[in-house]
Every structure is written in structure tokens, then in C-alpha cells.
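K.L.:
sequence and predicted structure are below.
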Amino acid sequence: MAQALEFFFDGEADTGVRGLWQRLERAGVPSLATRSHRRHRPHVTFALGGAFTRQTRADLTAELNLLALPSIWLYTLGTFPTTENNLVLTAVVDNELLAVHSAVHDVLAKKVKNPSAYYLPGSWVPHCALAQEIDTATLAAGIAALHPVEPIRAKVDEVGITDTVTGEVDVLFARS
């Protein structure tokens, strides 16, 4: 079982991403709306690992309350060069986003078992997943269904640890 540190979007950005999920579904491409536990929320994952202890969660909460969380500009429709085809909307990487990512990983250092290297500083490609583990023909259909995509400005309204099996979220931070 993996747990993910996810940054969730404001209502307008959430609606925008869900609209993209609906367009994929209408084109016959399974999106995150219908994947696994069906409780996915539009987000950008900042870290992934085996388990985040109570103390680590408390430390993250304290750090998140000190940080100015930047808007995330979801701008480019793309995929990753892996054997599992994923369709994503990548974020524009700026100094503010990298600073928050780095601060989060400073808290997590040596505290999370089996951290995923994809999310570590220097390797991380911030993105919002639209479809996962699809074959090449389905990936092409997904790109055709969404291109061109309008950029989405996502304000971070909530941060939580998500159980990737059940979809349950332990909220660490919520914008008031």
C-alpha cells in the first residue's frame, strides 16, 4: 500500500480537470474519474511512499502552515516515457513551486519508507494525471480528444495524504 502527499485544487480548477476527464470518457478513454477506487480528486502529487507516520504528518502540517502555497499552472498535455502510458497535464515549473516541493521533502527526509524516486527533488515532474496505464492506441485517442487543451490555473485549497488503495484522504492543510 502506498500513500501520496497530494495538493488538491480550488473549485474552478477542480471543475476544469473533471471536464477533461469527462471528455476522455466520452472518447472511450478511461480517466481517473473511473479508475480503481473512483474517489480520485484533481491534484498534483508532491511525494509518494510506503507510509507517512503520525509524527511525519504533524511535521508536514506545521510546515504547510508556514508556507505560501503557489498557484499551479497546468499547461502542457503530455505523457511520460515509461512502459505504463499515462496522459497528464504538466505544470509550469517556477521557483515558488520548487521551493514548496523542496520544503516538503526537507520534512520528509528519512521519515518515509520506500519513497518513490519519481517525486524526489531533481526528478519530479509536477503534473495532474488524466488517464493512467492505458495502451498506446488509447493514449493517442486521449490526446486527440483533448488537444488543444486550455491552460488551467489551480490554486491549492487542500493538502492531504491519500491512501492509494482506498482513496481515503487525511487532510493536513485546508485554506480557510
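P.N.:
Yep, that arrived.
K.L.:
what's near enough to touch the closest residue to His101 other than its chain neighbours?
P.N.:
Nearest non-adjacent residue to His101, counting by Cβ to Cβ, 6 or more residues apart in numbering: Phe46, 5.8 Å away. C-betas here are computed from N, CA, C, even on glycine. By Cβ atoms under 8 Å, 6 or more residues apart in numbering, the contact list for Phe46 reads 5-7, 100-101, 104-105, 119, 124, 126.
K.L.:
what about these, which are in strands?
P.N.:
Secondary structure from DSSP state E places 5-7 of those in strands.
K.L.:
could I get the full set of helices for the protein?
P.N.:
11-26, 54-66, 95-108, 136-146 (DSSP state H).
K.L.:
buried sites along the last one?
P.N.:
Okay, so that is helix 136-146. 138-139, 141-143, 145-146 (16 or more other Cβ atoms under 10 Å).
K.L.:
rewinding a little: in TSV: the contacts of Phe46, plus pLDDT and distance to Leu24.
P.N.:
Formatted as TSV, the contacts of Phe46 follow (pLDDT from 0 to 100; distance: Cβ to Cβ, whole Å):
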residue	pLDDT	distance to Leu24
Leu5	98	25
Glu6	98	20
Phe7	99	22
Val100	98	29
His101	98	27
Val104	98	29
His105	98	31
Tyr119	96	24
Trp124	97	24
Pro126	98	20
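K.L.:
as CSV, the residues you listed with distance to Arg39 and neighbour count would be great.
P.N.:
Output for these, formatted as CSV (distance: Cβ to Cβ, whole Å; neighbours: other Cβ atoms under 10 Å):
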residue, distance to Arg39, neighbour count
Leu5, 17, 27
Glu6, 12, 23
Phe7, 17, 25
Val100, 25, 21
His101, 24, 20
Val104, 23, 20
His105, 26, 19
Tyr119, 21, 21
Trp124, 24, 21
Pro126, 22, 20
